[in-house]
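# need a structure here:
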Amino acid sequence: KDLVAAAATPMVLGLLVRGESYGYLILQQVRELSGGELEWTDGLLYPLLHRLERLGHVESTWRTADGGRRRKYYSITEQGRAELAEQRRQWDTVVNALASAWRIPAPPVLEV
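Numbers count the residues shown, from 1 in each chain. Below is the predicted model:
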């Protein structure tokens with residue numbers, strides 16, 4: 001659960017680097033990319049999007065989609081791209097450290 005929360009910011013910024021999106025589509029993309037393992041809720045995503053907007057990492061615009069439904073579209077800013085680069089650097093460090101830790105052979109069992 002904590003790991004999912006920690007990964008939420010780089011996941012959303014990474015999706016928005018591909019192009020603008022709206023909340024429901026982001027939820028679907030996360031589910032698809034994780035093979036159904038990550039089932040984010042509105043309660044996780046929308047507060048995150050609002051925080052990223054306050055920080056200047058994303059910006060939003062309201063638009064009327066096909067069928068007359070209004071949607072709030074989010075896009076990444078230059079500041080958001082810089083944040084994503086930093087998040088990727090940090091995650092690369094964590095992933096590499098974990099991979100190294102998991103490759104360490106177990107100490108030999110001492111027979112008594």
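
# Do you know the pLDDT at residue 5?
Here, the pLDDT recorded for residue 5 equals 88.

# list the helices and strands the host helix or strand of it packs on?
Assigned by DSSP states H and E, residue 5 belongs to helix 2-17. On a contact count with 3 or more CB pairs under 8 Å, 6 or more residues apart in numbering; DSSP states H and E, helix 2-17 meets helix 23-33, helix 42-54, strand 58-64, strand 70-76, helix 78-103. Where C-beta positions appear, they are placed from N, C-alpha and C, glycine not excepted.

# looking at those, which is closest to residue 8?
When the helices and strands packed on helix 2-17 are compared by CB to CB, helix 42-54 sits nearest residue 8, at 5.4 Å.

# In terms of secondary structure, what does that closest one contact?
On a contact count with 3+ CB pairs under 8 Å, 6+ apart, helix 42-54 meets helix 2-17, helix 23-33, strand 58-64, strand 70-76.

# Need the contact partners of it.
Helix 42-54 is contacted by residues 4-5, 8-9, 12-13, 23, 26-27, 58-60, 74, 80 when judged by CB atoms under 8 Å, 6 or more residues apart in numbering.

# Take these and, keeping just the buried ones, write it as a PyMOL select command.
This is the PyMOL syntax for the buried subset of the contacts of helix 42-54, where burial follows 16 or more other CB atoms under 10 Å:
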select buried, resi 8+9+12+13+23+26+27+58+60+74+80
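
# Using a markdown table, lay out the contacts of helix 42-54 together with distance to residue 35.
Listed next are the contacts of helix 42-54 as a markdown table, based on distance: CB to CB, whole Å:
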| residue | distance to residue 35 |
| --- | --- |
| 4 | 14 |
| 5 | 19 |
| 8 | 17 |
| 9 | 21 |
| 12 | 18 |
| 13 | 21 |
| 23 | 21 |
| 26 | 17 |
| 27 | 15 |
| 58 | 26 |
| 59 | 31 |
| 60 | 29 |
| 74 | 24 |
| 80 | 26 |
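
# Need the max-distance pair from the contacts of helix 42-54.
For the contacts of helix 42-54, the farthest-apart pair by CB to CB is 4 and 59; their separation is 25.0 Å.
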